[in-house]
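Visitor: Whatever this is, show me its structure:
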Amino acid sequence: MLKKRSLLLIVSLMFSAWNVSADEPDWTDYKTVLKHVKPGVKNGVTLMKVDYQAIKTNKSLNKAYQIVSSFKLERLSNRNEKLAFYINAYNILALKMVADHWPTESIKDSGSLFRSVWNKPAGMLGGEFVTLGEVEHEILRPMGEPRIHLAIVCASVSCPDLRTEPYTAKQLNEQLDDQTKRFLNNSGKGLIIEKKIIRISKIFDWFEEDFEAYGGVSKFIKRYKTDLPDLKVKANIPYDWKVNG
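Guide: As a prediction, this is how the structure comes out:
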């Protein structure tokens, strides 16, 4: 049922190409949420930490969720608008999943033995309940932009960091490039150069096929890290699922 509903979202976006009054949501409330994202260190990893108690108490996250959940999807007219919207929506829903269960050790704890957190309804978009898995795998990934994997944040230490600004259609390419560079320059979770090997995040293993558009994972990372030594690349940095707050 949930998969069928997510397909309805995609269909609605197909018809948006004829809408001349396309725009994006007012991200003011989401900007307020992101003011509670600050540099920090957890489990030896440098990251942008989220003050979940603050965004839950001051209702800023709830306001941001209300904006994204009530937004008319047919107002999105082009690929960049859709990408920016759904990246922001994923991050808001992931934040909400953790905040709704706060305090918690990991976003994974919000799931159960019978339904993982990725397959659990996370909130509403376009009048339908969606899961984080649907937004990622059935909406974002089919758009053919592998840099989304450095922008969507599953609320964990080893995830890419939350930006302190919303993604927008106008700035999207620059924002995604910057996200990629920041992640690959983080030796705690993005890329580590050792004597005989270059180790990178498991994200590049899990979604290896998505990077074929750039000629594969190795070519992708060397596009952003031009000074890398000529060593074998292996996606095996241990993934820390502890919450990023």
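Visitor: how about the strands of the protein, start to end?
Guide: Taking DSSP state E as the criterion, the chain carries its strands at 37-42, 45-50, 121-125, 128-131, 191-193, 197-201, 232-237.
Visitor: center of the chain - which residue?
Guide: residue 152 (0.7 Å; C-alpha atoms, centre = their mean).
Visitor: Hmm, residue 140 and that one touching each other?
Guide: Yes - contact criterion C-beta atoms under 8 Å: residue 152 and residue 140 qualify, at 7.0 Å. Where you see a C-beta, it was placed from the backbone N, CA and C, and this is true even at glycine.
Visitor: what residues are shared contacts of those two?
Guide: Residues touching both residue 152 and residue 140 (C-beta atoms under 8 Å, 6 or more residues apart in numbering) are 87, 90.
Visitor: Any idea what residue 48 is bridged to?
Guide: Assessed by DSSP bridges, residue 48 has beta-bridge partners residue 39.
Visitor: ok, it - contacts?
Guide: Residue 48 is in contact with 37, 38, 39, 40, 161, 162, 164, 244, counting by C-beta under 8 Å, 6+ apart.
Visitor: most neighbours, which of those residues?
Guide: For those, the largest number of neighbours (other C-beta atoms under 10 Å) sits with residue 244, at 28 neighbours.
Visitor: Distance-wise, check it relative to residue 141.
Guide: In this view, residue 244 and residue 141 are 22 Å apart by C-beta to C-beta, to the nearest Å.
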